[in-house]
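Peer 1: Sharing a sequence plus its predicted fold:
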Amino acid sequence: MEEKILNKDLKIKPNLENYEEAYRNFNWQDYHDELEWWVPGKLNAAHNAVDRHANSFRKNKVALYWVGPNDERQKYTFLELSRLSNKFANVLKKHGVQKGDRVFLFLPRVPETYISFLGILKTGAIAGTLFSAFGPDALKDRLQDSGAKYVVTNSELKERVYKIIGELPELQKLIVIDTNQPGEREISFWNEMSEASDKFECERTEPEDYAFMLYTSGTTGKPKGVMHAHYAVLQQHMTAKWVLNIHEEDTYWCTADPGWVTGIAYGILGVWSNGASQVVYAGRFNPEKWYSILEEFKVNIWYTAPTAIRMLQRKGGTELVKKYDLSNLRDMYSVGEPLNPEAIMWGKEAFGLVFHDNWWQTECGAMMITNYQCLPVKVGSMGKPFPGITASIVDDNGNELPPREHGNLAIRAPWPSMMRAYWNKEEKYKKSFVNGWYISGDKAWKDEDGYFWFEGRADDVIKTSGERVGPFEVESALVEHPAIAEAGVIGKPDPERGEIIKAFVTLNEGYEPSDQLVEEIKQFVKKQMAGHAYPREIEFRDSLPKTRSGKIMRRVLKAQELGQDIGDTSTMEEY
Ligand code: ATP
Ligand code: MG
């Protein structure tokens, strides 16, 4: 596809003014002073997220503006969050929680989620987060494997834990946020909070001590617990500052749930370590609601995901956006899935701003390859490695490949927010590294200017008539067609061609499936992609299977197509 390069009119001096210079001279050690450390070299991520500001000029600054599912409002200053998380740390201590214990959160996006997360880290225990949509089986896998000692939950969700509690020998009690009459296996969160002191001596953790863990959904086999250390906060802090471009007066909104790594790195630690005010919206996706939040809170920085952007475009489009006063919006970011050029161009039309894509994974702990305010955006590219990060394209033996050759997207190990282990799976962990490179499992290529371009997950890349085709490229071409809202592309086994490209698409309002439309779409993609790859089969769907975090699950489409078992679907959204 032709390359579009977008330059921007910057509305404010970016925190990172010269990428090349920063990249050339960067050394993580030089930025240690961005955080507060204890002598000798001790660091706690939660202390840096809240306590540090509670002891500074920011103490009465609002850290959290909370909008509930029924439009309830609450707000918390840094001082309040610091005290509340101290109280929770005291509650945990009282019940015997020790450094290294696992304490899990099974909650929607309520203020208690944030208070608990911080409190857990302050005790030196390890916080684990779970999507509130998980059913008993998904919970069992994660709580059993991690040996969680406590689970913080609510009256509704706790019932799912009770279904499997007999199989969780290490679980002591449930900490329930909305009861003052706790059952035998329960602790009342607020009863105990009201009695606890709001002073707590934060655990002086080592930078390498574990702080939080997240389970990857695991395409095959059981989910793996990805372990992150307190030192991750350094990279979360620097990327929030230089990429998200957080300034003192800003209000920031990250739409991700803390059940997902983005909701931790950029919904808790990295944003608050920068002392930013942020909005959390606990309700469901709804375009009108989202725009009214951007408007009401005068949001300056917005971090969201491609699926949401495509939905916004589809439901209401530019016309709806224009009904709101979004004049405070300055920087927009996207992560989690490839960001189709179409979505960027729509963003520019509707908001007058460019969505900046960035690439990273649960295992990475923070942004790795990203677009910057100070650099032009090449539409469709994930951007360039963050200063301090060496990214490359390597073959299966870990040898670097030249520009424009496709291969494994790899990162030179280690980096501050790199996963430190898979919980109890050392062999699996070791296998993630080849010749000093962390092999991401994604396929990509880089251009002569050092921009990285996503091809697809290794398992999703299609081999048709001897050619490799990345699903992203085909999907991006498909969604440029006016009839198509979303597209998921797979390789379907074919005796003649090895695989053929099959596309599953959803249509925009006002379009109906027809043979004629199928033909038209094929021709359209052929033209877009210079004829070398187009979907020979197109299937219309009402919706596409997605993860909770909004990613199209191509492996599910493929399994359905082949009539195979669809595997672990614990992170799949009902649709
Ligand atoms: P699992 O590993 O359990 O299957 P997952 O890989 O979806 O789940 P995450 O760690 O949240 O879980 O997602 C990281 C993956 O998401 C990346 O490896 C990549 O495939 C995709 N991804 C994230 N950001 C981008 C991006 N900007 N462009 C393209 N793909 C992206
Ligand atoms: Mg992954």
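Peer 2: Received, thanks. Ligands and ions are numbered 1, 2, ... in the order given.
Peer 1: burial measure for whichever residue of the stretch 401-550 of the chain sits closest to ligand 1, as a count.
Peer 2: Proximity of the stretch 401-550 of the chain to ligand 1 (Cβ to the nearest ligand atom) peaks at residue 454, 4.1 Å away. (C-beta placed from N, C-alpha, C; glycine too.) Residue 454: 23 surrounding residues under other Cβ atoms under 10 Å.
Peer 1: Distance check, it against residue 382.
Peer 2: 6 Å (Cβ to Cβ, to the nearest Å).
Peer 1: swap in residue 543?
Peer 2: Distance, residue 543 to residue 382, by Cβ to Cβ: 26 Å.
Peer 1: Comparing these two, which residue is more hemmed in?
Peer 2: Taking neighbours as other Cβ under 10 Å, residue 543 and residue 382 compare with residue 382 leading, 27 against 11.
Peer 1: picking that back up, contact partners for the residue of the stretch 401-550 of the chain closest to ligand 1?
Peer 2: If you count contacts by Cβ atoms under 8 Å, 6 or more residues apart in numbering, residue 454 has them with 338, 359, 382, 409, 442, 443, 444, 470, 472.
Peer 1: residues shared between the contacts of residue 454 and residue 382?
Peer 2: Joint contacts of residue 454 and residue 382 (Cβ under 8 Å, 6+ apart) are 338, 359, 444.
Peer 1: how near is residue 490 to residue 551?
Peer 2: Distance, residue 490 to residue 551, using Cβ to Cβ: 14 Å.
Peer 1: List the residues that contact the closest residue to ligand 1 within the stretch 51-200 of the chain.
Peer 2: Nearest residue of the stretch 51-200 of the chain to ligand 1: residue 131, at 11.7 Å (Cβ to the nearest ligand atom). Listed by Cβ under 8 Å, 6+ apart, the contact set of residue 131 reads 257, 259, 260, 548, 571.
Peer 1: In this structure residue 505 contacts residue 537, no?
Peer 2: No - at 10.9 Å, residue 505 does not count as touching residue 537 under the criterion of Cβ atoms under 8 Å.
Peer 1: more neighbours, those two?
Peer 2: A side-by-side neighbour count of residue 505 and residue 537, using other Cβ under 10 Å, places residue 505 first with 25 against 15.
Peer 1: Mind listing what's buried along the lowest-mean-pLDDT helix or strand in the chain?
Peer 2: The helix or strand of the chain with the poorest confidence is strand 467-469; it has a mean of 88 (mean pLDDT, DSSP states H and E). By 16 or more other Cβ atoms under 10 Å, the buried positions in strand 467-469 come out as residue 469.
Peer 1: so what does that strand touch, helix or strand wise?
Peer 2: Where contact means 3 or more Cβ pairs under 8 Å, 6 or more residues apart in numbering; DSSP states H and E, strand 467-469 is packed against strand 462-464.
Peer 1: neighbouring contacts of the strand it packs on?
Peer 2: 456, 468-471, 489-491, 494, 497-501, 533.
Peer 1: Can you give me the distance of residue 307 to ligand 1?
Peer 2: Distance, residue 307 to ligand 1, using Cβ to the nearest ligand atom, to the nearest Å: 12 Å.
Peer 1: For the stretch 451-575 of the chain, which residues are neighbours of ligand 1?
Peer 2: With Cβ under 6 Å from any ligand atom as the criterion, the stretch 451-575 of the chain meets ligand 1 at residues 454, 457, 551.
Peer 1: how about a cut-off of 5 Å?
Peer 2: 454, 457 (Cβ under 5 Å from any ligand atom).
Peer 1: how about the helices in the stretch 451-575 of the chain?
Peer 2: Using DSSP state H, counting those that start in this stretch, the helices of the stretch 451-575 of the chain run over residues 471-479, 515-528, 554-562.
Peer 1: Adding mean neighbour count and distance to residue 48 as columns, could you present those in a markdown table?
Peer 2: Output for these, formatted as a markdown table (neighbours: other Cβ atoms under 10 Å; distance: least, Cβ to Cβ, whole Å):
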| stretch | mean neighbour count | distance to residue 48 |
| --- | --- | --- |
| helix 471-479 | 25 | 36 |
| helix 515-528 | 15 | 47 |
| helix 554-562 | 18 | 38 |
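Peer 1: could these go into CSV alongside mean pLDDT?
Peer 2: Shown next, in CSV, are those (pLDDT from 0 to 100):
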stretch, mean pLDDT
helix 471-479, 93
helix 515-528, 93
helix 554-562, 92
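Peer 1: Of all these, which one comes closest to residue 425?
Peer 2: Closest to residue 425 of the helices of the stretch 451-575 of the chain is helix 554-562 (Cβ to Cβ; 20.9 Å).
Peer 1: which residues sit against the closest one?
Peer 2: Residues from elsewhere that reach helix 554-562 (Cβ under 8 Å, 6+ apart): 219, 456-457, 459-460, 471, 488-493, 502, 504, 544-545, 564-567, 569, 572.
Peer 1: now stretch 184-200
Peer 2: Outside stretch 184-200, the residues that touch it by Cβ under 8 Å, 6+ apart are 83-91, 93-95, 112, 122, 150, 152, 158, 165, 173-182.
Peer 1: Please, which helix or strand holds residue 88?
Peer 2: Using DSSP states H and E, residue 88 sits in helix 78-94.
Peer 1: before we move on, back to that, state the paired neighbours of the least confident helix or strand of the chain in the sheet, together with their directions.
Peer 2: Each strand paired with strand 467-469, and its direction, by DSSP bridges: strand 462-464 (antiparallel).
Peer 1: so for the partner strand, what's the average pLDDT?
Peer 2: Per-residue pLDDT over strand 462-464 has a mean of 91.
Peer 1: Likewise for stretch 256-274?
Peer 2: In this model, stretch 256-274 has an average pLDDT of 97.
Peer 1: where's that stretch relative to the chain centroid, distance-wise?
Peer 2: Put simply, stretch 256-274 sits 8 Å off its chain's centre (Cα atoms, centre = their mean, to the nearest Å).
Peer 1: interface residues of the stretch 251-400 of the chain facing ligand 1?
Peer 2: Checking the stretch 251-400 of the chain against ligand 1 by Cβ under 5 Å from any ligand atom, the hits are 335, 336, 338, 357, 359, 361, 362, 382.
Peer 1: Distance to residue 293 added to those, as CSV?
Peer 2: Shown next, in CSV, are those (distance: Cβ to Cβ, whole Å):
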residue, distance to residue 293
335, 19
336, 20
338, 26
357, 22
359, 26
361, 28
362, 26
382, 27
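Peer 1: Buried ones among these?
Peer 2: 335, 336, 338, 357, 359, 361, 362, 382.
Peer 1: Go ahead and list the helix or strand containing the third one.
Peer 2: With secondary structure defined by DSSP H and E, residue 338 is part of neither a helix nor a strand.
Peer 1: surely it meets residue 472?
Peer 2: Yes - contact criterion Cβ under 8 Å: residue 338 and residue 472 qualify, at 4.3 Å.
Peer 1: of all the contacts of residue 454, which two lie farthest apart?
Peer 2: So, those by Cβ to Cβ: farthest apart are 359 and 470, at 14.0 Å.
Peer 1: distance between the ends of stretch 33-50?
Peer 2: End-to-end distance for stretch 33-50, by Cα to Cα, to the nearest Å: 16 Å.
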